[in-house]
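A predicted structure for the sequence below; I have some questions about it.
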Amino acid sequence: MQVYQLSIGAVCGLSWPSDRLIIQVLDDSTDTTIKAMVERECQRWASKGINIRYEIRDNRTGYKSGALKEGLNRNYVKNCDYVAIFDADFQPEPDFLCRTIPFFIHNSNIALVQARWRFVNSNECMMTRLQEMSLDYHFTVEQEVGSSTHAFFGFNGTAGVWRIAAINEAGGWKDRTTVEDMDLAVRASLKGWKFVYLGDLQVKSELPSTFKAYRHQQHRWSCGPANLFRKMVLDIIRNKKVSVWQKFHVIYSFFFVRKIIAHINAFLFYCIVLPATVLVPEVTVPKWGGVYIPTIITLLNAVGTPRSAHLLVFWILFENVMSLHRTKATIIGLLEGSSVNEWIVTEKLGDILKNKVGAKAPRKFRFRIGERLHLTELAVGCYLFFCGCYDVLFGKNNYFIFFYIQALAFFIMGFGYVGTFVPTS
């Protein structure tokens, strides 16, 4: 089955009174073939008595936020109190609404109930396993702590339920950044609304398994928050509805440390500064800063995914390479560069690869330099390799082992040998 069939089928299977449930399928696809298939799937469920509406737009203004905004403006939505949002690859369990809506009914201050993601393709390749480690840490630690301490935590853009009144009071969906979900969450929190995170409520989803798709996703996830921080920091400071502590948490902990400094520091320290200490021996890095603290932080990242603890070394190497892209995207967001609002839909393979393998399609490898070679990674890899060789000849800290291994990681990803490769026939 295709991804959209699984998602639509799961939503149509939600356990809720049929006269109190409207299902919207917001299709912003530019592919007429895809549109036709999705529309037929909606018609198939409608013929079974499901109240499902297939909605398209004349343009893609605002991308996801524009589609969500237009969806809420439909006349048949005016009598609705809540909206559950799922991306095209998410598959909620039948009891999803039964486990989320009661929080709104029993507490009128709740604006959002966020569920956890569960990944159906985490074992597809090494890259998906490493993504799972990062995201499990995000949900197990960052979201859980934010919810349990009544501090701010962000909406993940999907697998959540919003109170429509809170959306309207916060100003609705806005397309000024590529993180419309985070934008709405920040504005709602500044209005005094509260959020709840349910770690035991998991929604099946899919991880991007091609390196190209993952890079585009990470660009959006890193550039958007930095750009939002630039646009909202003064509004947060001037706000009078939330405490000074919550302002500090949002500005410093949520935005500055996690969305800006974390990316830049990881790349500059491990891939630029530490190797440079070999070339400039007068500069030294204390062991507590270069070894002990990073080791503790790394071990903490294994909390969310114990089954992948043995992959920690690979996770470190992978994250250091990706910190290059995140740093670049963060700077673009802060400076509002030309690609600050670049929106490329994250490709999810679904059963495409299985179908191709099952059909035994002939493998014809098409090598395109622009798609397979990543020159920036290769350049950083060469720099690390050079520093490793210099350390072998003249250094005293024995950093060359790390430099060689990290350079190899940059070379592997620079030549595109990471993630799932989809053969073309």
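Alright, I've got the coordinates. Numbering: from 1, shown residues only.

just checking, residue 195 is part of a helix?
No. Counting by DSSP: H, G, I helix; E, B strand; the rest coil, residue 195 is not part of a helix but strand.

which ones are touching it?
110-114, 146-147, 152-153, 155, 185, 188-189 (CB atoms under 8 Å, 6 or more residues apart in numbering). In short, each C-beta sits where N, CA and C put it, glycine included.

Poorly predicted segments of the stretch 251-400 of the chain, please.
349-371 (pLDDT under 70).

List the residues that contact residue 179.
Residue 179 makes contact with 157, 220, 221, 224, 225, 227, 228 under the criterion CB under 8 Å, 6+ apart.

How many residues are close by the residue nearest to it when sequence neighbours are not counted?
In this structure, residue 179 finds its nearest non-sequential neighbour in residue 224, 3.3 Å apart by CB to CB, 6 or more residues apart in numbering. Other residues near residue 224 number 26, with proximity taken as other CB atoms under 10 Å.

ok so, going back, make TSV out of the contacts of residue 195 and add distance to residue 63, neighbour count and pLDDT.
Below are those laid out as TSV (distance: CB to CB, whole Å; neighbours: other CB atoms under 10 Å; pLDDT from 0 to 100):
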residue	distance to residue 63	neighbour count	pLDDT
110	27	19	96
111	23	26	96
112	21	27	97
113	24	25	97
114	21	28	97
146	26	19	84
147	28	19	84
152	24	23	77
153	23	25	86
155	16	23	95
185	18	27	96
188	20	23	96
189	23	28	94
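
Which of those fall in helices?
Using DSSP state H, the members of those that fall in helices are 146, 147, 185, 188, 189.

Kindly provide the distance from the second one to residue 156.
By that I understand residue 147. Note on residue 147: its distance to residue 156, by CB to CB, to the nearest Å, is 12 Å.

Let me know whether residue 128 touches residue 120 as I believe.
No. Between residue 128 and residue 120 there is no contact under CB atoms under 8 Å: 10.0 Å.

Using the three-state scheme, assign residue 104.
Counting by three-state DSSP, the backbone at residue 104 sits in helix.

count of neighbours near it?
The burial count for residue 104: 21, using other CB under 10 Å.

Just to check, it is in contact with residue 84?
No. Using CB under 8 Å, residue 104 is not in contact with residue 84; the gap is 11.2 Å.

Need the overlap of contacts for the two.
Both residue 104 and residue 84 are in contact with residue 161, where contact means CB under 8 Å, 6+ apart.

Run through the residues that contact residue 309.
Going by CB under 8 Å, 6+ apart, residue 309 touches residue 302.

What of the one 5 residues further on?
Residues touching residue 314, when contacts are defined by CB under 8 Å, 6+ apart, comprise 126, 130.

Quick one: residues in contact with stretch 264-272.
Defining contact as CB under 8 Å, 6+ apart, one finds that stretch 264-272 is touched by 319, 320, 323, 324, 326, 327, 330, 331, 380, 383, 384, 406.

Ignoring the adjacent residues along the chain, who's closest to residue 84?
Excluding the flanking residues, the one nearest residue 84 by CB to CB, 6+ apart is residue 161, at 4.6 Å.

swap in residue 65?
In space, residue 65 comes closest to residue 180 once its chain neighbours are excluded; the distance is 3.5 Å by CB to CB, 6+ apart.

what does residue 324 give?
With CB to CB, 6+ apart as the criterion, residue 324 has its nearest non-adjacent residue at 5.4 Å, and that residue is residue 267.

that older thread, export the contacts of residue 195 as JSON lines, with columns for distance to residue 215.
Shown next, in JSON lines, are the contacts of residue 195 (distance: CB to CB, whole Å):
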{"residue": "110", "distance to residue 215": "36"}
{"residue": "111", "distance to residue 215": "33"}
{"residue": "112", "distance to residue 215": "29"}
{"residue": "113", "distance to residue 215": "31"}
{"residue": "114", "distance to residue 215": "26"}
{"residue": "146", "distance to residue 215": "27"}
{"residue": "147", "distance to residue 215": "30"}
{"residue": "152", "distance to residue 215": "28"}
{"residue": "153", "distance to residue 215": "26"}
{"residue": "155", "distance to residue 215": "23"}
{"residue": "185", "distance to residue 215": "25"}
{"residue": "188", "distance to residue 215": "30"}
{"residue": "189", "distance to residue 215": "30"}
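
Closest one of those residues to residue 13?
If you rank these by distance to residue 13 using CB to CB, residue 113 comes first, at 19.5 Å.

bridging residues for the closest one?
Note on residue 113: beta-bridge partners by DSSP bridges are residue 161, residue 196.

which helix of the protein spans the most residues?
Across the chain, the longest stretch assigned as helix under DSSP H is helix 211-238.

tell me the mean pLDDT over it?
Averaged across helix 211-238, the pLDDT comes to 95.

Any idea how far whichever helix or strand comes after that helix is from the middle of the chain?
Of the helices and strands lying after helix 211-238 in sequence (DSSP states H and E), the nearest is helix 244-248. A distance of 25 Å separates the C-alpha centroid of helix 244-248 from that of its chain, computed with CA atoms, centre = their mean, to the nearest Å.

mind listing the strands for the stretch 51-200 of the chain?
With DSSP state E, counting those that start in this stretch, the ranges of strands along the stretch 51-200 of the chain come out as 52-56, 82-85, 110-119, 160-163, 194-205.

Buried residues in the longest one, which are they?
Meaning strand 194-205. 194, 195, 196, 197, 198, 201, 202, 203, 204, 205 (16 or more other CB atoms under 10 Å).

now the angle from that strand to strand 110-119?
Angle between the axes of strand 194-205 and strand 110-119 is 30 degrees (criterion: axes from the mean of the first three to the mean of the last three CA atoms, to 10 degrees).

Nearest to the spatial middle of this structure, which residue is it?
The centroid of the chain falls nearest to residue 221 when counting by CA atoms, centre = their mean (5.7 Å).

for it, what are its contacts?
Counting by CB under 8 Å, 6+ apart, residue 221 makes contact with residue 179.

Start at 23, not 1
Understood, numbering begins at 23; the last thing we discussed is residue 243.

Now the common contact residues for residue 169 and residue 178.
With contacts defined as CB under 8 Å, 6+ apart, the residues shared by residue 169 and residue 178 are residue 136.

The host helix or strand of residue 433: how far from the chain's middle?
Element membership for residue 433 (DSSP H and E) is helix 422-436. Taking CA atoms, centre = their mean, the mean C-alpha location of helix 422-436 is offset from the chain mean by 25 Å.

Can you list the buried residues in it?
By neighbour count on 16+ other CB under 10 Å, the buried set for helix 422-436 is 422, 424, 425, 426, 428, 429, 431, 432, 433, 434, 435, 436.
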